[in-house]
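In: below: sequence and its predicted model.
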Protein chains: 2
Amino acid sequence: MARDLVRLSDVAKAAGVSQGTASNVFSRPDLVRPEVRERVHKTARELGYAGPDPRGRLLRAGKSNAIGVATAEPLSYFFEDPFARVLMQGISEACDARGAGLALVSARNSERLSWNIQSALVDGFVLLCIENGEKLVELTRERQLPFVALALGKPDDTISAIGVDDYAGAQMAARHLAQLGHRRFGILAIEFDEAHEGPVNGAAIAGATYSTARDRAYGYFEELALYGIDRETIPIYETRSTADSVRRGLDHILSGAEPPTAILAMSDRVAMFALEMLAERGFRVPQDISVVGFDGVPEAATVNPPLTTVVQPIAEIGRRAVKTILEHDGSVHRESLPLELMVRNSTAGPGA
Amino acid sequence: MARDLVRLSDVAKAAGVSQGTASNVFSRPDLVRPEVRERVHKTARELGYAGPDPRGRLLRAGKSNAIGVATAEPLSYFFEDPFARVLMQGISEACDARGAGLALVSARNSERLSWNIQSALVDGFVLLCIENGEKLVELTRERQLPFVALALGKPDDTISAIGVDDYAGAQMAARHLAQLGHRRFGILAIEFDEAHEGPVNGAAIAGATYSTARDRAYGYFEELALYGIDRETIPIYETRSTADSVRRGLDHILSGAEPPTAILAMSDRVAMFALEMLAERGFRVPQDISVVGFDGVPEAATVNPPLTTVVQPIAEIGRRAVKTILEHDGSVHRESLPLELMVRNSTAGPGA
DNA sequence: CGAACGTCTTGAATCGGTTCAATAATAGGC
DNA sequence: GCCTATTATTGAACCGATTCAAGACGTTCG
């Protein structure tokens, strides 16, 4: 099988034209006389030419017309995680519309991740900063390509980022429950620091690595304070977003003398685990206890009961990220998208 | 912002070494004296060199170390469709393990699809032939890169393909129902020809464009014949895998004088739609009517009732596809993976 | 002291195209 | 017919690296 043996120059020679003309036949056909064009095409066909190799073009043109989406999670994360999936739908939709390609970049260990980022053939990166976001940003920065971070993480103003106002979102969730009459709360948090789990105190929150968790916590606190609720009375458990850690978190939160009548979960994932376990333990939601999530993944609408949650415009975030990369002009682009409270059936007044 | 201004040759010049040495500093550091190596690195840092540009390397090295997954569906298909998602998990897992990159290639219209395939910077393609598979294969073939088709489609022995024995799988499904005692069946088919819908007769099946649907149909027929059931008595409706078309299909199938006690659905997707609509109409599954699906997507296990179905080793297909591309040796690789019947709660004896 | 050997380094070729200024050919106008 | 536009084609430079045969330098050994 003749692979990669015939180049543009071979075709040009065989057809008796210059390489420049042969190139034009393929990339700017209108510039060459139909007669010649036809002859070159015919020659190409006879020689089994596969068409201009994108590698050559790439070097000259500079742009690969593709964006990379990078994360420190394994590749399969893109197809498993509900949040990532909705995000990717937004991203891929935008890529589709603009005719841009999409490359997925990831790796378990940071050495390989570094190499993958270094060698990805893309014009820019969307960084899905879940875990180890700092590292990811650092590695990408070295590559000197435009990139946009998707969780704002540390408030590093020098990088482009698109996110949501976690603080305001948390307030919405807390306000909703407070207005329903709840006065005793429990918080099922996502990680404040990498790979941490357990009950959390104020100091841990203040010193959190991840601003997402911190902002949500403060949002809850500030809002509840308006209703006279002291943050010190609210049990908080930092989960790792796994079923087991949520189970332990629930144990912790419900163990007090006066257990909460409402649970603030910092992600839908955590909230949905909680819903399951609450059912196992015979709690009725929302009659016995209310639960509100955060993120607004599609699954939240279909679990039982449908989850009240703070909805992020996930797909829109993805779309904007692509736009930001593709229209990059060298400036830093920071954007915070609005959140919305979606009330469903996992919340009701206490003792309803 | 200085972008792309400094090249390897600039660094080399500034550091007072040849470009060859500078290249070695980055790609084969052991070949250069630590002293020089350090000096070059320092110079690179001072100049703000981003590291060797993968474009240059690519041209020289020839391999991009990435595979493309192509389909004629829109890009978001990869993140929405349950089958595609499981497949992608297998594919991405294999890529991860081998350190290969992953590019997603698709487009609505065939012109753009053609361009995207032509210009994808990959070493090979996995073709997800759902719709318009022929065209996809044709376009990819032109590129002269290794590729493997994922639904065997037309029995074209000249291309590499990985698939399952649809015929045998369909037999398993039919046998299961027949052994439970069912004698009256209805078939909810997937497309035999592109964009078709409606009741189907033997001729249409024989002339089907898509072999998947045809093989499954014949598998059902042959097996049921062993139980003395005449294929002419079985209503078949070709759906388009949408809720509406399944609804119409169900209308058709259930409209006879002696409605079926069991439904053979050619995909889990169709089966799950059927389950929903059967419930709406007050049918109890499996007491009033049994349903068996095909594919074995994860959702099939969680719907109500859990769906009995013929399970494809979807992720394994993905893994093998990657392996096939990466270890391509110029030969045609054809493989058919075994199917398994997974009995859950959507099937029971008639009138149980 | 010279030969033989290792270790680094160099310079040039190469990968496969695109692009553009310059030239050639053709057509059109007067 | 001659001059000017217009259109097609050419040839060479260039994109940014890698690779490898050949050369430089320093050591070791007889």
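Out: Cool, got the structure.
In: excluding sequence neighbours, find me the nearest residue to the residue located most distally from the centre of chain A.
Out: Most distant from the centre of chain A: A:G16, at 52.8 Å, with distances by Cα atoms, centre = their mean. Nearest residue to A:G16, sequence neighbours excluded (Cβ to Cβ, 6 or more residues apart in numbering or on different chains): A:R39, at 7.9 Å. Any C-beta I mention is one placed from the backbone N, CA and C, and that applies to glycine too.
In: check the secondary structure at the one you found for me.
Out: helix (DSSP: H, G, I helix; E, B strand; the rest coil).
In: up against DNA strand D, what does the stretch 1-150 of chain A have?
Out: Residues of the stretch 1-150 of chain A lying near DNA strand D by Cβ under 7 Å from any atom of the strand: A:16-21, A:24, A:31-33, A:35-36, A:56, A:59-60, A:62.
In: only alpha carbons, please: show the lowest-mean-pLDDT helix or strand in chain A as CSV.
Out: One helix or strand of chain A scores below all others by mean pLDDT, DSSP states H and E: helix A:133-143, with a mean of 91. The C-alpha coordinates for helix A:133-143 follow below in CSV (Å, rounded to 0.1, in the frame of the first residue of the first chain):
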residue,chain,number,x,y,z
GLY,A,133,-6.3,23.7,38.5
GLU,A,134,-3.2,25.7,39.5
LYS,A,135,-0.9,23.3,37.9
LEU,A,136,-3.0,23.1,34.8
VAL,A,137,-3.0,26.9,34.4
GLU,A,138,0.8,27.0,34.9
LEU,A,139,1.4,24.3,32.3
THR,A,140,-0.8,26.0,29.8
ARG,A,141,0.7,29.4,30.4
GLU,A,142,4.0,28.0,29.3
ARG,A,143,2.6,27.1,26.0
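In: from A:D30, how far off is the closest residue to DNA strand D within chain A?
Out: DNA strand D sits closest to A:G20 of chain A, with a gap of 2.5 Å, by Cβ to the nearest atom of the strand. Look at A:G20 and A:D30: by Cβ to Cβ, to the nearest Å, they are 15 Å apart.
In: relative to A:R7, how far out is the residue of chain A closest to DNA strand D?
Out: 14 Å.
In: which one of these two is surrounded by more residues?
Out: A count of neighbours by other Cβ atoms under 10 Å in any protein chain shown puts A:R7 above the other of A:G20 and A:R7, at 17 against 12.
In: so how far is A:P52 from the more buried one?
Out: From A:R7 to A:P52 the distance is 9 Å (Cβ to Cβ).
In: one more: A:L337?
Out: 41 Å.
In: more neighbours: which of the two?
Out: More crowded of A:L337 and A:P52, by other Cβ under 10 Å: A:P52, with 18 against 14.
In: contacting residues for the more buried one?
Out: Counting by Cβ atoms under 8 Å, 6 or more residues apart in numbering or on different chains, A:P52 touches A:L8, A:S23, A:F26, A:S27, B:Q118.
In: most neighbours among those, which one is it?
Out: When neighbours are counted by other Cβ under 10 Å, A:S23 leads those with 22 neighbours.
In: that one against A:L8, yeah?
Out: Yes. Counting by Cβ atoms under 8 Å, A:S23 does reach A:L8; the two are 6.2 Å apart.
In: report pLDDT for the residue of chain A closest to DNA strand D.
Out: Model confidence at A:G20, expressed as pLDDT, equals 94.
In: now it: how far from A:S27?
Out: Distance from A:G20 to A:S27, by Cβ to Cβ: 11 Å.
In: got the domain ranges for chain A?
Out: A:1-41, A:66-164, A:166-313+A:338-342 (automatic domain parsing).
In: ok, now which ones touch A:R141?
Out: A:F147, A:I159.
In: from B:G330, how far off is it?
Out: A:R141 is 41 Å from B:G330, by Cβ to Cβ.
In: and if you look at A:T71?
Out: 35 Å.
In: what does A:R183 give?
Out: 73 Å.
In: and these two? Which one has more around it.
Out: Neighbour totals were compared for A:R183 and B:G330, and A:R183 leads with 16 against 7 (other Cβ under 10 Å).
In: surely the more buried one is in contact with A:D230?
Out: No. The pair A:R183 / A:D230 is not scored as a contact, 10.8 Å apart, by Cβ under 8 Å.
In: got a list of what the residue nearest to A:D295 when sequence neighbours are not counted touches?
Out: Among residues not flanking A:D295 along the chain, A:D268 sits closest, at 4.5 Å (Cβ to Cβ, 6+ apart). Contact analysis of A:D268 by Cβ under 8 Å, 6+ apart lists A:P82, A:G293, A:F294, A:D295, A:G296, A:V297, A:E299, A:A300, A:L307, A:T309.
In: output those as TSV; include the columns neighbour count.
Out: Shown next, in TSV, are the contacts of A:D268 (neighbours: other Cβ atoms under 10 Å in any protein chain shown):
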residue	neighbour count
A:P82	18
A:G293	30
A:F294	30
A:D295	26
A:G296	24
A:V297	25
A:E299	16
A:A300	25
A:L307	29
A:T309	29
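In: ok, of those, which one's closest to B:I205?
Out: A:E299 (37.8 Å; Cβ to Cβ).
In: tell me the contacts of the closest one?
Out: A:P82, A:D268, A:M272.
In: can you flag which of those belong to strands?
Out: Per DSSP state E, strands hold no members of the contacts of A:E299.
In: and these, which is closest to B:A66?
Out: Nearest member of the contacts of A:E299 to B:A66, counting by Cβ to Cβ, is A:P82, at 26.3 Å.
In: for the stretch 251-352 of chain A, what spans make up the helices?
Out: Here the stretch 251-352 of chain A has its helices, by DSSP state H, counting those that start in this stretch, at A:268-280, A:299-302, A:314-326.
In: Serialize those helices to a markdown table and add fields for mean pLDDT and distance to A:I130.
Out: Shown next, in a markdown table, are the helices of the stretch 251-352 of chain A (pLDDT from 0 to 100; distance: least, Cβ to Cβ, whole Å):
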| stretch | mean pLDDT | distance to A:I130 |
| --- | --- | --- |
| helix A:268-280 | 97 | 12 |
| helix A:299-302 | 95 | 18 |
| helix A:314-326 | 97 | 14 |
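In: if you skip the residues just before and after it, what's nearest to the one residue in the stretch 101-250 of chain A that gets nearest to chain B?
Out: The stretch 101-250 of chain A approaches chain B most closely through A:Q144 (4.0 Å), counting by Cβ to the nearest Cβ. Among residues not flanking A:Q144 along the chain, B:A50 sits closest, at 4.0 Å (Cβ to Cβ, 6+ apart).
In: show me what contacts the one you found?
Out: A:E142, A:R143, A:Q144, B:D4, B:V6.
In: which among these count as buried?
Out: A:R143, A:Q144, B:V6 (16 or more other Cβ atoms under 10 Å in any protein chain shown).
In: any chance of those in CSV with distance to A:H252 as columns?
Out: Below are the buried ones among the contacts of B:A50 laid out as CSV (distance: Cβ to Cβ, whole Å):
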residue, distance to A:H252
A:R143, 42
A:Q144, 46
B:V6, 54
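In: between those, which is nearest DNA strand C?
Out: B:V6 (17.7 Å).
In: from A:V332, how far out is the closest one?
Out: 22 Å.
In: next: A:L226.
Out: Distance from A:L226 to A:V332, by Cβ to Cβ: 34 Å.
In: again, but for A:E46
Out: In terms of Cβ to Cβ, A:E46 sits 53 Å off from A:V332.
In: same check, this time on A:A208
Out: The value you get for A:A208 to A:V332, if Cβ to Cβ is used, is 24 Å.
In: what's the neighbour count on A:Y227?
Out: For A:Y227, using other Cβ under 10 Å, the count is 14.
In: pretty sure it is in contact with A:G181, am I right?
Out: No. Using Cβ under 8 Å, A:Y227 is not in contact with A:G181; the gap is 9.9 Å.
In: any weak-confidence spans in the stretch 151-300 of chain A?
Out: A:152-155 (pLDDT under 70).
In: surely A:A15 touches A:T43?
Out: Yes. Using Cβ under 8 Å, A:A15 is in contact with A:T43, at 3.9 Å.
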